[in-house]
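J.: The sequence isn't on hand, but the structure is:
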């Protein structure tokens with residue numbers, strides 16, 4: 001079993017969108033590797049200077065993750081110095097994390113299409129393709145329909161837990177403990193519409 005197929009099968013057994021999950025793992029590993037190992041790499045620095053730094057989303061991720069404060073300080077001191085001295089267009093922005101993920105995402109979409117039969121057989125009860133990635137799935141009509149159907153089935157499971165969670169907040173209802181599935185249902189719904197993995201994952205991307 002190749003690495004891509006293994007990662008896809010693993011992600012489709014988690015709750016939420018497997019593509020969003022793989023994106024989160026990719027971004028976490030990219031930033032961790034960058035700030036621990038490549039802050040003094042001349043090619044990386046040139047790429048960041050010429051590209052106009054990171055996008056706002058990934059700067060927020062850098063701030064929240066704080067892989068290495070020293071690495072962040074070194075790299076952004078260089079970027080700030082370049083800002084002071086450069087006369088180039090400061091509006092340009094080619095975020096290296098976004099560009100790296102764009103290539104990876106195309107590879108994942110191809111793999112999802114190629115290995116769909118295996119993916120379908122291992123699909124988890126709470127796994128779904130988010131609204132964004134449903135729009136970007138392969139144009140094979142049969143596979144598209146099956147992906148939509150299996151995602152809708154998972155979303156209906158989540159919807160039931162969400163309704164149950166709402167009922168348990170009713171002060172007149174009998175007091176019952178909230179299950180793990182009910183407790184995460186509101187987060188899963190947000191992820192579906194956001195097209196992004198919002199829950200934090202500590203597992204690294206292989």
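T.: Sure, I can see it. Worth saying up front: this structure is predicted, and the values here are computed from it rather than measured.
J.: host element of the spatially closest residue to residue 111 that is not a sequence neighbour?
T.: Leaving aside its sequence neighbours, residue 111 sits nearest to residue 4 (Cβ to Cβ, 6 or more residues apart in numbering; 4.5 Å). Where you see a C-beta, it was placed from the backbone N, CA and C, and this is true even at glycine. Assigned by DSSP states H and E, residue 4 falls within helix 3-12.
J.: Just give the nearest non-adjacent residue to residue 65, would you?
T.: residue 31 (6.1 Å).
J.: Then that neighbour would be within a strand, right?
T.: No - under DSSP: H, G, I helix; E, B strand; the rest coil, residue 31 falls outside any strand and is assigned helix.
J.: gap between it and residue 48?
T.: 13 Å (Cβ to Cβ, to the nearest Å).
J.: what's the angle from the longest helix along the chain to helix 3-12?
T.: Assignment by DSSP state H gives helix 141-168 as the longest helix of the chain. Compare the direction of helix 141-168 with that of helix 3-12 by axes from the mean of the first three to the mean of the last three Cα atoms, to 10 degrees and you get 30 degrees.
J.: in this protein, which ranges drop under the pLDDT threshold?
T.: 1, 87-92, 138-139, 173, 201-206 (pLDDT under 70).
J.: Report the outermost residue of it with respect to its centre.
T.: Computed with Cα atoms, centre = their mean, the residue of the chain farthest from its C-alpha average is residue 172, at 38.8 Å.
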